[in-house]
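Novice: Okay, here's the prediction I keep looking at, along with the sequence it came from:
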Amino acid sequence: MLRFAVRRMAGVFVTLWLAATLTFVALRLAPGDAITLQLTLSGATDSQIAARRAALGLDAPLAEQYLGMWQGILRGDLGVSLVNGRPVAVIIGEQLGATLALAVGALCVGVVLGVGLGAGAALGQPVVRQVCEGVIVLLLATPIYWLGTLAIYLFAVWLGWLPSVSSGNELRALLLPCGVLGISLSGSLGQVTAASLREVQQATFVQTARAKGLPARLIVWRHMLRANSSVLISLIGLQGGFLIGGAVITEALFTRRGIGQLVLAAVNGRDYPVVQGVVLLSAAAYALLSVAADILAAWNDARLREG
Amino acid sequence: MLICVGSVILSTLITRQPAAAQPAASRIVYGLTLLPSGFDPHINASSELGIPLRSVYDTLVYRDPITKDFVAGLAERWEISPDGLLYTFYLRRDVRFHDGEPFDAYAVAANLDRITNPETRSQKAVFLLGTFERYIVTDAYTIQLALKAPYAPLLDSLAQVYLGIASPKALQAYSSDLYQLHQVGTGPYQMVEFIPGDYILLRRNPEYRWAPAFYLPDNPSPVEEIEFRFFTDPATRAPALESGAAHIMGELAPLDALALNRRDDMTLLPQPIPGMPLQFLFNTAKAPTDRLDVRRAIITATDRTAIIDSVFQQLSPVAYGPLAAASPFYEAQIKQFYPYNREVARQALSDLGYTDNDGDRILDLNGAPLRLIVIVPTWGNAPQVAQRLQSQWRDQGIDAELRQVPNLAGLLAAVQSGDYHLVAFNDFGADPSLLNTFYLTDGRNNFMRVSNANLDQWLMQATQTNDPAERQNFYTGVQGLIMDQALILPIRDYVNLNAYSKRVGGLTFDAYGWFPLLANLTFNADE
Amino acid sequence: MRRIGFFGQLLGLLVLVSLCAPLIAPYDPLAEVSPPLAAPSGQHLFGADLIGRDVFSRVLHGGARTLSIALTAFACTVLIGGALGISAGFFGGVLDAVIVSLTDALLAIPSLLIALSLLTLAGSGSLQIALAAALSGLPAYLRVVRAAARSTRTQPYIEAARAVGVGSFGLLWRHVLPNTAPICLSAGMVALAWAILNAATLHFLGFGSDPSLPEWGAMLAEGRAVFRAAPWVACAPGVALTLTLFAANGVAKRLAR
């Protein structure tokens, strides 16, 4: 167990290093830089722009910039934004709470709905199965910005039940954005749940249980979902990346602050330190989540073998 | 690594704001459209920041919103030396900042110090100062600005929010990265709270007694508090107004604006913006648009009215030249250039040797089809306009390949490659010197790759002379020359489509078009 | 015909119609042939868009482009992701460690950022969009497949076969692959849908290539801007997209059996 843990921690560091390095390379290869973009319409001359880039160390050799980035990270310093001069840790920190609330809420909605739809599509009565399958495909075919637009018109404009502007983390403000992001998440979760449930259905231990005369519902919950859960857990662990992508759009739709809006603006403005900071944060979150998922899955597998 | 994560989490806890104070009786929500990364007017360059901050700061001078003439602001009057090198400003003596500090020449000096300090890394304000060399405080209420060379746009610069005068005490209290969260000016509204990415809250300044002439002397029912929020997705703007989540909104999509205008409880206010219209700039260094007659034929082949009718639902005027009709020094004679005429265009192209030899309904010359590469940014309705151009030209044997770019970085990279015939662009500003970076031979944004000695000379001279009649002469010449050389395909003057609910009235904008005069807004309690 | 089932026939029909679009489409998809936003009529079955182009013709022409995005994404994901994921899950060891840390790194970067940087670096053509949309979904797919393959390792029938002396590749081919195929295919379905929607999202964020070229995802984004005045602009591509996914889903389920 200890060796497993050590190996897993080493894996986490490799993940972080690779993610940061890939981002560094991608950012520096992209055309344009923050300073040129800021000054190109202001009437600055080439030499003024060059001087300002030099002052920020943007003209240093890439290797030097790369080392500088890591020195900063190891000191716990993520640098300052090239656009507004504020520390990246603070900029990310002030947006983090809003995004976490959105992501956790959406994940809850998505998992409950997705597993429900998946179970219905794999195990339900023929009618239920048809309906669940249909809903899953419909969800897979609907872009999140359409879902959001329809939800805004329905709940905010026509019914007037919920605000179209989501400020803060109160339940009322979170209902629409979490619902929309969660529902768009549930399509893919439902699809995979259904597939792996169908597969487990054929497995020997389920057949055995059925032969032993256990009631169907018990088989589903005790055996199938549990057997299925390693796949599901690792799938849920993977949604972090999708959630940030979905958050970019959900936040724009409901004028919510958060990491998504921040990172999109930073990419468009080539604000390297901010992008790098968001990637490190998401990498750390992902690595921790996936370690947790692996441990859960291993524990679950062990129990499965015993029972 | 853990330190990084820890510091992020910790700063979340630290920056957690106390709950906003109880909203005042008359509080409205004003919808902004972009989400700028920085909100310090001395540092950042976004137009968006001026929408709230125009009312937080006063400037030394103002432009009258209607006549666009310069009028007194924090400076009661000013003098310009005959050689144009020394500006003397006589300041008001009754002005106080929101923090109670008195306004005087030393405050102006402190602001100029901050803007010109390289550490500030000003993205716009310092460049607005042009040839500014130093200031001289002659007494507590008189300050002189000395220039290295005559710079006609200086007054225009001083009238802009980017050169708004901030409280020296606040500038000293906060480092240059934190000041944007705690801005203090002398304007009719003061900043209460700014949560980045979320909202900005302004409250009326009850002490405001030094308003420029165009503010209502006594507004019977001013709006006490205004909350600015960011509606970055255009499709969410109309529903926000309809659901009551916002009361004023700009940059509406034309179809949404018309739908709102049909409602009894909404008012539509299209506001023209001075500056460069939405236009497609020809690359004169790449065949076939290196030929003047080809460029002329392409403009003639373009039915701009049809574009205005469909894409802009007739809510924007057709543009005819490099300056919008709302700009000072606009020359109306420019409208005579290149009226839409398919036959004339077809004839001109066939005179140049273009015929359809291979029967694909696209004209060609020496085996090369007449195919234009168009760089299309995502903003300003450019994609729709470009598609409309494509479909119009297609009918006349001109093929267009549209290359969309997602952001300014992409646009500049595409332009740098030189592989394009047209690129869509627009820019805002009241002083026509904004043409310089585009049309001067060595201008940074010379997307046309034009080099014309007359153009260079006239643009430079117009920037150096303070005599309005002389400037008008130069700019008339510039506008005529640009169109005679067919350097651009102008499409539409930029119009900001604003709508507001019945809860507010009296929405008007300043001379630059983008910035509302919040002090003139009235609040209707019974709606 | 009966062997491929109803969904197979539907999918075949969709592909056929898309391939023959130039022959069937009544109008040039890029030319303005009607007043802008005209409602559906006998002349224009699905109405006209903001430019005055025939939506029916655009949906037909958009099929080929959309399906090729879907196919590129599906092929990339299922072939590359499937092969790597199954090998990693089944063999374990160093191979697993390398594959897992690479996918971990890719997963750790928000998928949208991967797609955006790919487009920034490689330009924004149709193929690039397809690849960006596919690649940003690939690591997640790989992980799911790996987990499925891993869980077969401990199944009794595998252990039994191993005890009988069946070699690794034999096991992989005869036991692991058939048992993970359902997951591979149905997660591949998700990847396919995800790629189309991801391409649409990239269009929505302004990272599309030529806005005039018809493509269902882009048309959905376009139709949203005019949906109050002309809902038909988005309806037609939306229905086409849903039908395609239904068909592909049905086929995947049938193949898995």
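Specialist: Happy to help now that I have it.
Novice: Distance check, A:Asp59 against chain C.
Specialist: Using Cβ to the nearest Cβ, to the nearest Å, one obtains 21 Å as the distance from A:Asp59 to chain C. Every residue, glycine included, has its C-beta placed from N, CA and C.
Novice: Now name the helix or strand holding the closest residue in space to that residue that isn't next to it in sequence.
Specialist: In space, and not counting its chain neighbours, A:Asp59 is closest to A:Arg53: 5.1 Å by Cβ to Cβ, 6 or more residues apart in numbering or on different chains. Secondary structure from DSSP states H and E places A:Arg53 in helix A:46-55.
Novice: So which elements touch that helix?
Specialist: Using 3 or more Cβ pairs under 8 Å, 6 or more residues apart in numbering or on different chains; DSSP states H and E, the elements in contact with helix A:46-55 are helix A:34-39.
Novice: for the chain, what are the low-confidence residue spans?
Specialist: Just so you know, I chose chain A. Within chain A, the ranges that satisfy pLDDT under 70 run A:1, A:202-206, A:216-235, A:237-238, A:240-242, A:300-307.
Novice: That was the other one, I meant chain C.
Specialist: C:1-4, C:256-257.
Novice: Tell me which residue of it lies closest to chain B.
Specialist: Going by Cβ to the nearest Cβ, chain B is nearest to C:Gly206 of chain C, at 3.5 Å.
Novice: Next, that residue: secondary structure please.
Specialist: coil (DSSP: H, G, I helix; E, B strand; the rest coil).
Novice: Same question for B:Gln404.
Specialist: Looking at B:Gln404 with three-state DSSP, the answer is strand.
Novice: That one: how many residues sit nearby?
Specialist: If you count neighbours by other Cβ atoms under 10 Å in any protein chain shown, B:Gln404 ends up with 24.
Novice: ok, now C:Trp173?
Specialist: 12.
Novice: likewise B:Phe523?
Specialist: 21.
Novice: That one touches B:Pro222, doesn't it?
Specialist: Yes - at 6.9 Å, B:Phe523 and B:Pro222 qualify as touching, with contact defined as Cβ atoms under 8 Å.
Novice: Overlap in contacts, those two.
Specialist: B:Ser26 (Cβ atoms under 8 Å, 6 or more residues apart in numbering or on different chains).
Novice: Against C:Leu116, how distant is the residue of chain C closest to chain B?
Specialist: 10 Å (Cβ to Cβ, to the nearest Å).
Novice: Compare neighbour counts for those two and give me the winner.
Specialist: Taking other Cβ under 10 Å, C:Gly206 and C:Leu116 do not tie; C:Leu116 has more neighbours (26 against 20).
Novice: you'd agree the more buried one is in a helix?
Specialist: Yes - counting by three-state DSSP, C:Leu116 is found in a helix.
Novice: if you skip the residues just before and after it, what's nearest to it?
Specialist: A:Val267 (5.7 Å).
Novice: residues touching C:Ser34, list them.
Specialist: C:Ser34 neighbours (Cβ under 8 Å, 6+ apart): C:Gln43, C:His44, C:Ala48, C:Gly52, C:Arg53, C:Asp54.
Novice: And it, how far from chain A?
Specialist: 25 Å.
Novice: A strand includes that residue, no?
Specialist: No - C:Ser34 is assigned coil when assessed by three-state DSSP, not a strand.
Novice: neighbours around C:Pro22, how many?
Specialist: C:Pro22: 12 neighbours (other Cβ under 10 Å).
Novice: ok so it is a strand residue?
Specialist: No - counting by three-state DSSP, C:Pro22 is not part of a strand but helix.
Novice: Surely it and C:Gly63 touch.
Specialist: No - taking contacts as Cβ under 8 Å, C:Pro22 lies outside contact range of C:Gly63: 11.2 Å.
Novice: and the residue nearest to C:Leu116, what does it touch?
Specialist: Going by Cβ under 8 Å, 6+ apart, the list of residues near A:Val267 reads A:Val275, C:Leu113, C:Leu116.
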